[in-house]
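Peer 1: sequence unknown, structure follows:
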């Protein structure tokens, strides 16, 4: 079990391997569809310091606004990462991001980007929004709330022992690729199709 | 006689139950899957996390998943109840549940990209009312998240690439292909609602309605019942596992129905549901008494 304190450096990230569980603590930022589109549309100086050396969490939380104006994450599991595939590698490179947390894995462009820039893909267990909301100990601030709405805004959060598994590493390894290949071989056999 | 406000309050309660409580048959199926996975495997770890989360959500009365999805209501009612009133009550219940954080602010205006902030928009919630000849009202709700909705698939048979003809053998092939295509993206272990026949619209609606069935029930049509069991078994041979981590638990259940079709069309519509199968049912007797079947 790896323990990672955010922000972190490239060497810590390059030491991680596919299949290894990793517990994250420290500061990270959420970002999903609207955020990624926005991040590649220009260099966003206001959020750049929160991205550098840290990770982006693909998450659209349920958020409670407290009477004192602060926010609490009520439910906060990962969303499907594949939608960010066109943007992810560029966002990682441009802002010095060390990893992304999501679910379902990503594809070739991201896999290459992770290896090139020294970053990892961390898989959280989809649907476990209560467990993961409890790992969010504080909501520090939020960007683009008005423009993007609650699920799509970029929430700067502090987490403690946030549970993930490395499923794509900085060596070019991908659990998703190997599972897809293995299951395709079984499928071909089940439906009597010759492997292509 | 229940009015708009009575129905709205009841519908908020239906939403509250669905969002926080996983039905017992689904929890049992996840536990059974967990017992088959190797100790120390990623699959076992994922299912343990799921089971822990199910307990937390239930004890807190809070959303088990932050993507509270599209609320799909099916309401069977006797003659004499206004379906317009029921549809308005469903919409109001969704707005109230969203304000109470039982649902996420989950409705976006498609053209402007603006979140409505209320959880409600044209088409959300989706409400299907059908008159029946019984005295009670039956309300069924499914909260179906977007991740699994994105992995749903519709095939037009024959499909030459998959060698799928217009029969059950062909349907089996495309269902297995859909499970493979989904990999872990739909938050498996998944549940498949399948409709053979219908048109592109009605097929998907019926496929989704199949997701209201209990996992341990049996299809009244023997050949479909056998196909359901076979598809569960074969899907689990694919090795995709929970979250696509690898493992033996890829699918928890397959439920199949048929609709008529026109000679030119043979659709197989496959609605993929994540493990967080948030369904709830309420039955309102003619005297207004409400019961909650599991």
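Peer 2: Ah, there it is. The shown structure was predicted, so the numbers you read here are calculated from the model rather than taken from an experiment. Numbering: from 1, shown residues only, chains lettered A, B, ... in the order given.
Peer 1: Go through chain A and flag its longest strand.
Peer 2: Of all segments of type strand in chain A, defined using DSSP state E, the longest is strand A:154-168.
Peer 1: Give me the buried positions along that one.
Peer 2: Within strand A:154-168, the residues that count as buried by 16 or more other C-beta atoms under 10 Å in any protein chain shown are A:154-159, A:162-168. Where C-beta positions appear, they are placed from N, C-alpha and C, glycine not excepted.
Peer 1: Can you give me the buried ones in whatever helix or strand comes next after that strand?
Peer 2: Next helix or strand after strand A:154-168 toward the C-terminus (DSSP states H and E): helix A:175-190. Using 16+ other C-beta under 10 Å as the test for burial, helix A:175-190 gives A:175, A:176, A:177, A:179, A:180, A:183, A:184, A:186, A:187, A:190.
Peer 1: and helix A:175-190, average pLDDT?
Peer 2: Mean pLDDT, computed over helix A:175-190, is 97.
Peer 1: what does stretch A:11-31 give?
Peer 2: 98.
Peer 1: measure it end to end?
Peer 2: This stretch, stretch A:11-31, spans 24 Å end to end (C-alpha to C-alpha, to the nearest Å).
Peer 1: ok, the residue of chain A found nearest chain B to residue A:35 distance?
Peer 2: Residue nearest to chain B within chain A: residue A:149 (2.8 Å; C-beta to the nearest C-beta). Look at residue A:149 and residue A:35: by C-beta to C-beta, to the nearest Å, they are 11 Å apart.
Peer 1: And the two? Which one has more around it.
Peer 2: Taking other C-beta atoms under 10 Å in any protein chain shown, residue A:149 and residue A:35 do not tie; residue A:35 has more neighbours (26 against 21).
Peer 1: Does that one fall in a helix, a strand, or a coil region?
Peer 2: State at residue A:35, reduced to three classes by DSSP: H, G, I helix; E, B strand; the rest coil: helix.
Peer 1: Skipping adjacent residues, who's closest to it in space?
Peer 2: Nearest residue to residue A:35 in three dimensions, chain neighbours excluded: residue A:154, at 5.1 Å (C-beta to C-beta, 6 or more residues apart in numbering or on different chains).
Peer 1: ok, that neighbour - contacts?
Peer 2: A:29, A:30, A:31, A:35, A:47, A:50, A:142, A:143, A:144, A:148 (C-beta atoms under 8 Å, 6 or more residues apart in numbering or on different chains).
Peer 1: Pull the distance from the host helix or strand of residue B:46 to the chain's centre.
Peer 2: Using DSSP H and E, the element containing residue B:46 is helix B:42-60. Distance of helix B:42-60 from the chain centroid (C-alpha atoms, centre = their mean, to the nearest Å) equals 19 Å.
Peer 1: What lies in contact with that helix?
Peer 2: Here helix B:42-60 has contacts from A:19, A:21, A:125, A:127-131, A:134, A:163, A:165, B:19-22, B:27, B:30-31, B:33-34, B:37-38, B:62-64, B:189, B:241-243, B:245-249, B:275, using C-beta under 8 Å, 6+ apart.
Peer 1: about what we covered before: just to check, the residue of chain A closest to chain B is in contact with residue B:104?
Peer 2: No - using C-beta atoms under 8 Å as the test, residue A:149 is too far from residue B:104 to be in contact (9.9 Å).
Peer 1: Let me know the pLDDT of residue B:1.
Peer 2: pLDDT at residue B:1 comes out at 78.
Peer 1: Could you report the neighbour count for it?
Peer 2: 7.
Peer 1: Distance check, it against chain A.
Peer 2: 35 Å (C-beta to the nearest C-beta, to the nearest Å).
Peer 1: now do residue B:17
Peer 2: For residue B:17, the distance to chain A - C-beta to the nearest C-beta - is 16 Å.
Peer 1: Please tell me the pLDDT value assigned to the closest residue to residue A:182 other than its chain neighbours.
Peer 2: Closest residue to residue A:182 apart from its sequence neighbours, by C-beta to C-beta, 6+ apart: residue B:239 at 5.4 Å. At residue B:239 the predicted local distance difference test score is 98.
Peer 1: Thought residue A:184 was touching residue B:239, still the case?
Peer 2: No - counting by C-beta under 8 Å, residue A:184 is not a contact partner of residue B:239; they are 10.2 Å apart.
Peer 1: what residues do the two have in common as contacts?
Peer 2: Between them, residue B:239 and residue A:184 share no contacting residue, judged by C-beta under 8 Å, 6+ apart.
Peer 1: which residue ranges form the strands in chain A?
Peer 2: Using DSSP E, strands in chain A cover A:2-6, A:21-30, A:55-57, A:62-65, A:71-75, A:99-102, A:120-123, A:136-143, A:154-168.
Peer 1: so which of those strands comes closest to residue B:267?
Peer 2: strand A:99-102 (31.7 Å; C-beta to C-beta).
Peer 1: How far does the closest one sit from its chain's centre?
Peer 2: 2 Å.
Peer 1: just stretch B:106-121 next, same as before
Peer 2: 22 Å.
Peer 1: Could you list the residues in contact with that stretch?
Peer 2: A:34, A:148-152, B:67-70, B:91, B:94-95, B:97-99, B:103-105, B:124.
Peer 1: Give me the subset of the residues you listed that lies in helices.
Peer 2: Residues of those located in helices (DSSP state H): A:34, A:148, B:91, B:94, B:95, B:97, B:98, B:99.
Peer 1: check contacts around the fifth one.
Peer 2: Under the criterion of C-beta under 8 Å, 6+ apart, the contact partners of residue B:95 comprise B:118, B:119, B:120.
Peer 1: circling back to that earlier point, which of the contacts of helix B:42-60 fall in helices?
Peer 2: A:129, A:130, A:131, A:134, B:19, B:20, B:27, B:30, B:31, B:33, B:34.
Peer 1: what about the last one, distance to residue B:40?
Peer 2: This means residue B:34. 13 Å.
Peer 1: Specify which residue of those two has the higher count of neighbours.
Peer 2: Each of residue B:34 and residue B:40 has its neighbours counted (other C-beta under 10 Å); residue B:34 has more, 19 against 8.
Peer 1: just checking, the more buried one touches residue B:249?
Peer 2: Yes - counting by C-beta under 8 Å, residue B:249 is a contact partner of residue B:34 at 7.5 Å.
Peer 1: What's the PyMOL line that selects buried ones from the ones in helices among the contacts of helix B:42-60?
Peer 2: PyMOL command restricting the ones in helices among the contacts of helix B:42-60 to the buried ones, with burial defined by 16+ other C-beta under 10 Å:
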select buried, (chain A and resi 129+130+131+134) or (chain B and resi 19+20+27+30+33+34)
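Peer 1: Let me know how buried the closest residue to residue A:55 other than its chain neighbours is, in neighbour terms.
Peer 2: The shortest distance from residue A:55 to any non-neighbouring residue, by C-beta to C-beta, 6+ apart, is to residue A:99 (4.1 Å). Residues lying near residue A:99 (other C-beta under 10 Å) number 29.
Peer 1: Can you name the residues bridging to residue A:99?
Peer 2: In this entry, residue A:99 is beta-bridged to residue A:55, residue A:120, by DSSP bridges.
Peer 1: do the same with residue B:115
Peer 2: Residue B:115 has the following beta-bridge partners by DSSP bridges: residue B:108.
Peer 1: Distance check, it against residue A:149.
Peer 2: 3 Å.
Peer 1: before we move on, back to that, just name the most buried of the strands of chain A.
Peer 2: strand A:55-57 (a mean of 30; mean count of other C-beta atoms under 10 Å in any protein chain shown).
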